[in-house]
Structures are given as C-alpha cells and as structure tokens.
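Trainee: quick one: sequence and predicted model below, then my questions.
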Amino acid sequence: MRKMTYSFKSENKPVVLLLHGFLGSKSQWNTVAAALEKRYDLLFVELPGHGASPSISEYSIASLALEISQQLLQQGIEKVHFVGHSMGGYVGAAFAKEYPSQLHSLTLVNSIAGADLPGRKQMRNRAIQLIDRFQDAYVSMAINNLFTKEEHESHQAIIEAMKVSAKNMTVKSVLAALRAMRDRPSVWLDDAVRVNYLYGDRDTVIDKSLIEKEIKTQGLKGLSFTGGHMLLLTHPVDLIQNLRFVD
C-alpha cells in the first residue's frame, strides 16, 4: 500500500516534483505551480496523513524517498527536479542521497539535509507527549510559529486556512510525522547533484545559521529572503524566480 498520494499529468515535458511540509498539502504550491505548468509536467505528492494521503501510524523519511523512487519508475519518469518544503525537503535530501540517478536537481525550501539537533528532538518529544490531549492547540501554535509577525498581519487568511486544513489531520498522522522528522539521519549533499537552498532569514523553525553552515560546509548554493518558514506561501514569486532549473 502506498503511503502517499500522487497527482501527475504527462505532456512529455521535464518533470518537477513538488512536496509540501508538515501540516501542509499540495494546494500550498498553487501559485508556484501556475508559473511552472506551461514548461514543466508537475508531479504533486502529499505526505502520509496530509491532504488526501492515508493516515498511517509509522514510517521513516527514507521509506518515503524509496516510495517516490518506485513511483517514478512506475510512471515512466526518468528524472525529476525535486522541490521540497520543510519536511518535504527532508524527503528530498534522502532521495538525493539514495537515488541520485533519478534526480536533475534538488531545491530545499526552508529545509536542511541535517538531522534534528538535540533541542529540536526534545521539542518534538514534548509535542508527542501532549498531542493526544491538546491537538488543536498544538496545531494552532505550530502554524503560528511558521510565520513572522509581519506575515501574520499580511497573510492572515492564508494562515487561518492552513489551520483549518491541518486540524482535519488525525492524531495518528501528526504523531507519525513528528517521529519521522525526529528520527531522520543527516544526509551529506555535494555538487554531484545540483542543490539549491531557499530560506527565510527570520525563520524560527530552522534557523538560517544552520542552513548557511550546511551550504558552506558542503560547498552548495543558497539564497535567503526576508521572511519566515513558509516562503512557498509568503514569497512564491521569489521562489519561482530563483529556482535554479528555470532558465
């Protein structure tokens, strides 16, 4: 049984795979997708328990990368430009490590290839302990933290819509995602695959210093924007203009 749902229409153009983050869905790519669809075939993927994907109790980031690899083979897709936001980027990094022959490029949006630091693991463990009793409060708080103060003022409708959608997720789905993110290993990326980091300089979920350290250590490329953790919603035009595979 597949853990994720896929939406794809082939017109024999280069393929861009779009994978959202924790508490998100494929609809968050709508603005980006509208700018890409004339020149690329778009493959939308939804994480387990998110959007239309089934709710399952346990999986790993590596298992999602494997499923995507198998799905590409079944669809007859040789290579993709993988664009992953946050948790979707964790899957993208795992995919780049294990299946580089199926990859044209990897774009990590508000994401890193490294594992959770101890403090982040502790935060996820606290959420896991409390989620049964306080799911709605946790989801609301978690989503609030994805946006800067200025973005709360300018994107209020988008934030509320994300909360409504995320509150439809089951406790099982939220727990499984938290554990998968907590337990993922670090991935070393190099210039064998084209990698580009796009990140917010006010991101309180993944601090820019962690991303910039990865970029420097691994000899990769990246670009920051004045924003928080949800650039695909708050800065879609900037993302479109800075996707490295877009001429």
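Mentor: Structure's in. What do you need? Residues are numbered from 1 along each chain as shown.

Trainee: low-confidence ranges, this structure, go.
Mentor: Along the chain, segments meeting pLDDT under 70 span 247.

Trainee: which parts of the protein are helices?
Mentor: Taking DSSP state H as the criterion, the chain contains helices spanning 30-36, 61-75, 87-98, 118-144, 149-154, 156-166, 171-183, 208-218, 231-234, 236-241.

Trainee: report the distance from the longest one to the chain centre.
Mentor: Counting by Cα atoms, centre = their mean, to the nearest Å, helix 118-144 is centred 18 Å from the centre of its parent chain.

Trainee: quick check: buried residues in that helix?
Mentor: For helix 118-144, burial by neighbour count (16 or more other Cβ atoms under 10 Å) applies to 124, 127, 131, 135, 138, 139, 140, 142, 143. In short, each C-beta sits where N, CA and C put it, glycine included.

Trainee: what's the angle from it to helix 208-218?
Mentor: Using axes from the mean of the first three to the mean of the last three Cα atoms, to 10 degrees, the inter-axis angle of helix 118-144 relative to helix 208-218 is 130 degrees.

Trainee: now the angle from helix 118-144 to helix 156-166?
Mentor: Using the same axes, to 10 degrees: helix 118-144 against helix 156-166 is 110 degrees.

Trainee: helix 118-144 packs against which elements?
Mentor: Where contact means 3 or more Cβ pairs under 8 Å, 6 or more residues apart in numbering; DSSP states H and E, helix 118-144 is packed against helix 156-166, helix 171-183.

Trainee: tell me which of these sits nearest to residue 101.
Mentor: For residue 101, the closest of the helices and strands packed on helix 118-144 is helix 171-183, at 24.5 Å, according to Cβ to Cβ.

Trainee: quick one on the thing from earlier: deepest of the helices and strands packed on helix 118-144, which one?
Mentor: Highest mean neighbour count among the helices and strands packed on helix 118-144 (mean count of other Cβ atoms under 10 Å): helix 171-183, with a mean of 19.

Trainee: who's in contact with it?
Mentor: Residues outside helix 171-183 that contact it (Cβ atoms under 8 Å, 6 or more residues apart in numbering) are 22-23, 47-50, 55-61, 64, 87, 90, 116, 120-121, 124-125, 127-128, 131-132, 135, 138-139.

Trainee: ok, 7 Å please
Mentor: Applying Cβ atoms under 7 Å, 6 or more residues apart in numbering, the external contacts of helix 171-183 come out as 22, 47-49, 55-61, 87, 90, 116, 121, 124, 127-128, 131-132, 135.

Trainee: over to stretch 100-111?
Mentor: 69, 72, 79-86, 89-90, 92-93, 95-96, 192-200, 203, 206, 229, 231-232, 239, 243-245.

Trainee: quick one: buried ones out of the residues you listed?
Mentor: Neighbour counting by 16+ other Cβ under 10 Å classes 69, 72, 79-86, 89-90, 92-93, 95-96, 193-200, 203, 206, 229, 231-232, 239, 243-245 among the contacts of stretch 100-111 as buried.

Trainee: perfect, I'm done here.
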